[in-house]
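# whatever this is, show me its structure:
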Amino acid sequence: MDFSTLLAFAAAFFVFAASPGPDNMTIVARTMSHGAASGIAYGAGTVAGILIFLTLAAFGLSIVAAEMGVVMTILRYAGAAYLIWMGIRLWTVEPVVPALQPVSERRGLLAIFATGIALNLGNPKMPLFYIALLPNVVGAALTPGHVTSLATVILAVEAVVIGGHLCWPAVRARCSTRRSLCAA
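Numbering: from 1, shown residues only. Now for the predicted structure:
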């Protein structure tokens, strides 16, 4: 797999990973309500879920997709249209902030990690991404070298995206403090 293909995959995956969705919102919410360790544990769980989907692709999802012919083309366009529609919908809907409730119990980081995996595996966006994009990147033959390269790209992109989500609450707090200091 050449560098330009990996770069194109990285750009597409970045758009996918950074787009608003339940995982990203949960990382920010967990960081704000339970601290950075909780956000990191949940984010690590989501990355583990993503790597599970990559492993499934390595063990045959790409081959099945290659054998589907016209149906695969329809799925690709339907998946792309769905992702575009969801992105537009998420950006244009009026945000609703739920009422704050006191945190009654703290779960362990391993339980938070497992929750991240489970919710990511249940995210309908994930299989669509892999069915629509992965066969175009690597074709039907996904070698161990391809899996390693793609996993490295995924880890790098997710480090940037999750890192940004972990920093967002701190940036918001700093901006709020500066506004209140400036107003005083």
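# what score does residue 113 have for pLDDT?
Model confidence at residue 113, given as pLDDT, is 94.
# revised request: answer the last question for residue 63.
So residue 63 comes in at 64 (pLDDT).
# need the helices for this structure, in chain order.
Assigned by DSSP state H, the helices in the chain fall at 3-18, 22-34, 36-56, 62-67, 70-92, 109-121, 125-138, 144-183.
# next, format those as TSV and append mean neighbour count.
No exception for glycine: its C-beta is placed from N, CA and C like everyone else's. TSV is the format used below for the helices of the chain (neighbours: other Cβ atoms under 10 Å):
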stretch	mean neighbour count
helix 3-18	15
helix 22-34	19
helix 36-56	20
helix 62-67	16
helix 70-92	12
helix 109-121	17
helix 125-138	19
helix 144-183	14
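# among those, which gets the worst mean confidence?
Between these, the lowest average pLDDT goes to helix 62-67, which shows a mean of 63.
# wait, residue 155 sits on residue 46?
No: counting by Cβ atoms under 8 Å, residue 155 sits too far from residue 46 to count as a contact (12.0 Å).
# give me the nearest residue to residue 113, chain neighbours excluded.
Closest residue to residue 113 apart from its sequence neighbours, by Cβ to Cβ, 6 or more residues apart in numbering: residue 45 at 4.3 Å.
# who's in contact with residue 17?
Residue 17 sits next to 157-158, 161 when contact means Cβ atoms under 8 Å, 6 or more residues apart in numbering.
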